[in-house]
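> return atomic coordinates for the entry below.
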Amino acid sequence: FQQQQSGTEVTLQEDVAVGTQIASVTAKDGDSSFENKFIKYNIIGDGLSEEKFMITSDGRIIVQASLDRETNKMHTVVIEARDLGTPPQRTNYTIAVNVTDVDDNAMFVGRLVGGTTVSNDVFSVNVNETDKRGSMVMTL
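Numbering: from 1, shown residues only. Next up, the predicted model:
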């Protein structure tokens, strides 16, 4: 393999867009025969990596399904390159993909009115100056 990305570790946010290129690899074969000149790339391994990532015929690794850090914070993407010779020659290259968290469960303050959530409420609290320090003044 001739690597095009510096390092074997990539960090992505979990909301990375499907279709984003995350890395690229290149395998070269010094043989001169016709069959050996062509390299085929595959992602091999645990099944989850093949579901989340794909590799193009020219070695670009692409996100093909949405990522979720709460489900899996790291993916090990094993790339296999093989020529078309008989027998085929193979080599593997591993890329660790770390997935960082995005706050996908934003906090919400609101109230239910007839089964509908209303979120534009304004809350006001009156506090007497004689109230003890640390007293609870409101609960949401």
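> can you give me the strands in this protein?
For the chain, the strands defined by DSSP state E cover 2-3, 9-13, 21-26, 39-44, 53-55, 60-63, 74-83, 90-100, 111-113, 116-118.
> okay, those, which one's buried deepest?
strand 53-55 (a mean of 20; mean count of other Cβ atoms under 10 Å). All C-beta atoms are positioned from the backbone trio N, CA, C, and that covers glycine.
> so what strands line up beside that one?
Using DSSP bridges, strand 53-55 pairs in its sheet with strand 60-63 (antiparallel).
> ok, and what's touching the partner strand?
For strand 60-63, the external contacting residues (Cβ atoms under 8 Å, 6 or more residues apart in numbering) are 12, 16-25, 43, 52-56, 77, 79, 95.
> returning to that earlier point: want to throw the strands of the chain into CSV with distance to residue 136 and mean pLDDT?
Formatted as CSV, those follow (distance: least, Cβ to Cβ, whole Å; pLDDT from 0 to 100):
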stretch, distance to residue 136, mean pLDDT
strand 2-3, 59, 50
strand 9-13, 38, 95
strand 21-26, 49, 92
strand 39-44, 55, 92
strand 53-55, 50, 96
strand 60-63, 47, 96
strand 74-83, 42, 91
strand 90-100, 36, 92
strand 111-113, 19, 57
strand 116-118, 24, 59
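> just put those in a markdown table and tack on distance to residue 128.
Below are these laid out as a markdown table (distance: least, Cβ to Cβ, whole Å):
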| stretch | distance to residue 128 |
| --- | --- |
| strand 2-3 | 68 |
| strand 9-13 | 47 |
| strand 21-26 | 58 |
| strand 39-44 | 66 |
| strand 53-55 | 60 |
| strand 60-63 | 56 |
| strand 74-83 | 53 |
| strand 90-100 | 46 |
| strand 111-113 | 25 |
| strand 116-118 | 29 |
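> out of those strands, nearest to residue 137?
Nearest to residue 137 among the strands of the chain is strand 111-113; the distance by Cβ to Cβ comes to 18.3 Å.
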